[in-house]
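K.L.:
Provide a 3D model corresponding to the input given below.
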Amino acid sequence: MASDTTRNDQTTCGLPEEMLCFSVYAASHAFNHLYRKALADLGLTYPQYLVMVLLWQADNRMVKDIGRHMDLESNTLTPLLKRLEVLGFIRRSRDAEDERVVRVQLTPKGRELEQAARSVPECIAAAVDLDADEARDLSRRLNELRLRLLKA
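P.N.:
Predicted coordinates for the structure are as follows:
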């Protein structure tokens with residue numbers, strides 16, 4: 001029984017700074033602030049940066065693939081992609097075999113941006129100050145938490 005009480009106290013009771021939900025919320029804000037500074041010279045927002053990272057890893061992705069990776073619906077993703085297209089980093093086109101499918105490709109300017117963005121992960125890693133194993137473990141645990149919350 002004590003563990004159930006402890007679990008409830010960690011998630012729903014006490015001052016906000018003692019609550020798990022607030023800790024995750026506050027950490028998210030801190031990450032957003034850090035990424036805003038790290039990405040300022042690139043002219044990207046954090047969600048735009050994530051799309052670019054996906055495309056740098058594998059170009060010519062389907063929009064639905066990007067949405068799945070980022071856990072975004074098309075009504076949120078489409079304006080983000082339009083903005084990246086206006087900035088000249090990507091182009092969107094219909095798939096030649098299935099016109100219902102929209103593909104996203106890097107432009108030469110988008111490929112060049114990868115080089116300029118190489119310092120971003122190092123900047124974030126320095127601020128986080130975790131070794132690679134600790135960072136992977138924390139990420140894994142947060143992903144498990146997210147999945148449990150989605151099931152609830």
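
K.L.:
Just give me the residue right at the centre of the chain.
P.N.:
residue 50 (5.1 Å; C-alpha atoms, centre = their mean).

K.L.:
three-state assignment of that one?
P.N.:
helix (DSSP: H, G, I helix; E, B strand; the rest coil).

K.L.:
give the contact list for it.
P.N.:
residue 70 (C-beta atoms under 8 Å, 6 or more residues apart in numbering). (Each C-beta comes from the backbone N, C-alpha and C, glycine too.)

K.L.:
Under the pLDDT cut-off, which ranges of the chain? List them.
P.N.:
By pLDDT under 70, the low-scoring segments of the chain are 1-13.

K.L.:
If we use 80, what do you get?
P.N.:
Within the chain, the ranges that satisfy pLDDT under 80 run 1-14.

K.L.:
in stretch 14-24, what counts as buried?
P.N.:
Of the residues in stretch 14-24, residue 19 count as buried by neighbour count, 16 or more other C-beta atoms under 10 Å.

K.L.:
Could you do stretch 27-43 as well?
P.N.:
Residues of stretch 27-43 classed as buried by neighbour count (16+ other C-beta under 10 Å): 34-35, 38-39, 42.

K.L.:
So which of those sit within helices?
P.N.:
Among the buried residues of stretch 27-43, DSSP state H puts 34-35, 38-39 in helices.

K.L.:
Pick out whichever of those sits closest to residue 129.
P.N.:
Using C-beta to C-beta, residue 34 comes nearest to residue 129 of these, at 12.0 Å.

K.L.:
mind checking which helix or strand the nearest residue to that closest one once chain neighbours are set aside is in?
P.N.:
Of all residues not flanking residue 34 in the chain, residue 127 sits nearest, at 5.5 Å (C-beta to C-beta, 6 or more residues apart in numbering). Following DSSP states H and E, one finds residue 127 within helix 119-128.

K.L.:
Could you list every helix and strand in contact with that helix?
P.N.:
The criterion is 3 or more C-beta pairs under 8 Å, 6 or more residues apart in numbering; DSSP states H and E, and the helices and strands that helix 119-128 contacts are helix 20-39.

K.L.:
Grab the CA positions of the helix it packs on and hand them over as PDB.
P.N.:
C-alpha atoms of helix 20-39 as PDB (Å, rounded to 0.1, in the frame of the first residue of the first chain):
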ATOM      1  CA  LEU A  20       6.000  14.600 -12.000                       C
ATOM      2  CA  CYS A  21       3.800  16.300 -14.500                       C
ATOM      3  CA  PHE A  22       5.200  19.700 -13.600                       C
ATOM      4  CA  SER A  23       8.800  18.400 -13.800                       C
ATOM      5  CA  VAL A  24       8.200  17.100 -17.400                       C
ATOM      6  CA  TYR A  25       6.400  20.400 -18.300                       C
ATOM      7  CA  ALA A  26       9.100  22.600 -16.900                       C
ATOM      8  CA  ALA A  27      11.800  20.400 -18.600                       C
ATOM      9  CA  SER A  28      10.000  20.800 -21.900                       C
ATOM     10  CA  HIS A  29      10.000  24.600 -21.500                       C
ATOM     11  CA  ALA A  30      13.700  24.600 -20.700                       C
ATOM     12  CA  PHE A  31      14.400  22.500 -23.800                       C
ATOM     13  CA  ASN A  32      12.300  24.800 -25.900                       C
ATOM     14  CA  HIS A  33      14.200  27.800 -24.600                       C
ATOM     15  CA  LEU A  34      17.600  26.200 -25.300                       C
ATOM     16  CA  TYR A  35      16.600  25.000 -28.800                       C
ATOM     17  CA  ARG A  36      15.200  28.500 -29.600                       C
ATOM     18  CA  LYS A  37      18.700  29.900 -28.800                       C
ATOM     19  CA  ALA A  38      20.600  27.100 -30.600                       C
ATOM     20  CA  LEU A  39      18.400  27.400 -33.700                       C
END
